[in-house]
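[1] 3D model of this:
(one chain, ligands or ions: 1)
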Amino acid sequence: MRIVIACMSHETNTFSPVITDLDRFSGGRGVPVSGAEAIGIYSGTASCVGGFLQAAAELEASIEVPIVAAAPPSGPVENDAYEYIAERIVAAAPGADVILLDLHGAMVTRSYEDGEGELLRRVRAVAPEVPIGVALDMHANLYPDMVRHATVISGYQTYPHVDMDGTALKAGRITLAAFGGRVSPVMAWGNAPMLPHVMRQGTDDFPNSALQARAKEMEAQGALSVSLFTGFPHADITNAGLSVVVVTDDDLPLAERCRDELLERAWEDRRDFVYEVEPLQASLARARDLAARDEGPVLLLDHYDNTASGGTMDTTEVLAAVLDEGLEDVAVFGIYDPAAVREMAAAGVGAEVTVSLGGKLPMPALAEQSRPLTVTGRVKLLSEGRFPATVAMSRGLSMNMGRTAVLAVGSVDIVVISRHIEPFDPGCFRSLGIEPTARRYLMLKSRIHYRVGFAPLVAHVVECAGRGVCTSDYSELTFEHVRRPIYPLDGINSREGL
Ligand SMILES: [Zn+2]
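    Modelled structure (predicted):
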């Protein structure tokens, strides 16, 4: 038996100016890993490929890994990167007994609005009868071609995504059972005309907590896999938004009933998926009051500009306000600015430097740009920027923030990095000698993923509206391609098709 396991994962923010080339898919290696090296890196990790490897290990099978290519969210995928990765996956497909693919589900390329659907179409063309199992992120924007050309689709049921390996294990086991003739998967899918706000999608919060609980209940009651995708709204494409896919064992009416119930419940909860923005000055005043209680670190969340939603990670508005307001004892993660890191490395640890920090990547999708922040401080530490992930999301994988410098501006420690990473694991501070629990304030460029590693460490979280292509204010973005009408861009109170 021959099982092919591969990954091509990207969440595309169509408003992001950050280039998505092959290097971004390689984690800094130049080209993505494959074969025994990939198996060595991903076995036993809290990742989709880790979950697929676990499913495959339950059988006597030869495992082939043509490529594992995962890029942090950013702008549309460059065509040459897409073709390089797709070619390797398609070339491995003929002769496979089962194909298991870790795809994000919200990948847009320079040429394809539905990057995953196009990939699956190509794979299906050379492997017409082979069971294809797919693991998708909860932020997938689902298209008909994904469902048409896959045998099984399962999506994460948690956000932060702490069930990546579990999701792939589930999809892998169902797909392998289909190969063995023990189940006959059928799928029903649909979407609702709504763009749930990312800040309101966390599965610790209503309504997604209840929706995902119901999905799990449906699985306990007989469906093979039930996935509700909250979708990724920072993508101006036809099918952005909330969708559902249900897999059952040869019972299409059951799949359709589950799908319809979840879509109806999500639609009823649509107002609870809307996020209200608080002005930055009000947020900082509130943060100061909370810090005065001395109950533990206050987390300032710079949610307009995070890597995991495709941000440039170099906007400076929240950091500038923190410095202007004179907040003390702050640890900041982080500002992406390779040029500033090079300057600080040249000056050396202990040197006093004045640098122009961040604000360097133009954001054509926004009317208002970010500006570089001129700061004077001391180079506190230099690092190659690698640390092992230890939290439930990505545990066991090596994180790479590139060459990194810590700049101390008074009592504000600013981490400046050369590769984009989302700060969800406290290792991003601790690997640099910064203990987050010992600080009065933490400032993180994150939206929801910080919760996996930082929620247990802080006393309060204050969401701070800054600037960036992950803006929490939809009115700052121009949507031209998403299907209309759609809630809340349009004030609709009914949806078609129910
Ligand atoms: Zn996601």
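[2] The closest residue to the ion within the stretch 301-450 of the chain in helix, strand or coil?
    Among all residues of the stretch 301-450 of the chain, Ala308 sits closest to the ion, at 6.9 Å; criterion: Cβ to the ion. For every residue, glycine as well, the C-beta is placed using N, CA and C. At Ala308 the chain is in helix, as set by DSSP: H, G, I helix; E, B strand; the rest coil.
[3] shaky segments in this structure?
    For the chain, applying pLDDT under 70 flags the ranges 496-498.
[4] circling back: the residue of the stretch 301-450 of the chain closest to the ion touches Ala71, doesn't it?
    No: assessed by Cβ atoms under 8 Å, Ala308 is found out of contact with Ala71, at 11.7 Å.
[5] any shared contact partners between these two?
    Counting by Cβ atoms under 8 Å, 6 or more residues apart in numbering, no residue touches both Ala308 and Ala71.
[6] so where do the helices sit in the stretch 351-498 of the chain?
    Taking DSSP state H, counting those that start in this stretch as the test, the helices found in the stretch 351-498 of the chain are 427-430, 450-454.
[7] again with the stretch 1-150 of the chain
    Along the stretch 1-150 of the chain, the stretches classed as helices by DSSP H, counting those that start in this stretch are 35-42, 48-57, 79-92, 115-126, 144-149.
[8] Kindly state which of these is positioned closest to the ion.
    Short answer: helix 48-57, nearest of these by Cβ to the ion, at 11.6 Å.
[9] With the ion in mind, check whether that closest one reaches it.
    No: using Cβ under 5 Å from the ion, helix 48-57 stays clear of the ion, with a minimum separation of 11.6 Å.
[10] Show me what that helix is packed against.
    Applying 3 or more Cβ pairs under 8 Å, 6 or more residues apart in numbering; DSSP states H and E, one finds that helix 48-57 contacts strand 2-9, helix 35-42, strand 98-103, strand 132-136, helix 164-179.
[11] Need those in JSON lines (columns: distance to the ion and mean neighbour count).
    Output for these, formatted as JSON lines (distance: least, Cβ to the ion, whole Å; neighbours: other Cβ atoms under 10 Å):
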{"stretch": "strand 2-9", "distance to the ion": "10", "mean neighbour count": "26"}
{"stretch": "helix 35-42", "distance to the ion": "18", "mean neighbour count": "16"}
{"stretch": "strand 98-103", "distance to the ion": "12", "mean neighbour count": "28"}
{"stretch": "strand 132-136", "distance to the ion": "9", "mean neighbour count": "29"}
{"stretch": "helix 164-179", "distance to the ion": "9", "mean neighbour count": "24"}
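[12] For Tyr487, which of these is the nearest?
    Using Cβ to Cβ as the measure, strand 132-136 is the one of these that comes nearest Tyr487, at 22.5 Å.
[13] Which neighbouring elements make contact with the closest one?
    With contacts taken as 3+ Cβ pairs under 8 Å, 6+ apart, strand 132-136 sits against helix 48-57, strand 98-103, helix 115-126, helix 144-149, strand 152-155, helix 164-179.
[14] Rebuild the ones you listed as a markdown table, extending it with distance to Asp260.
    Shown next, in a markdown table, are the helices and strands packed on strand 132-136 (distance: least, Cβ to Cβ, whole Å):
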| stretch | distance to Asp260 |
| --- | --- |
| helix 48-57 | 28 |
| strand 98-103 | 25 |
| helix 115-126 | 23 |
| helix 144-149 | 16 |
| strand 152-155 | 17 |
| helix 164-179 | 22 |
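[15] tally of neighbours for Ile421?
    Residues lying near Ile421 (other Cβ atoms under 10 Å) number 24.
[16] Spit out the contact partners of the closest residue to it other than its chain neighbours.
    Excluding the flanking residues, the one nearest Ile421 by Cβ to Cβ, 6 or more residues apart in numbering is Met401, at 4.9 Å. By Cβ under 8 Å, 6+ apart, the residues touching Met401 are 334, 385-386, 417-419, 421, 428.
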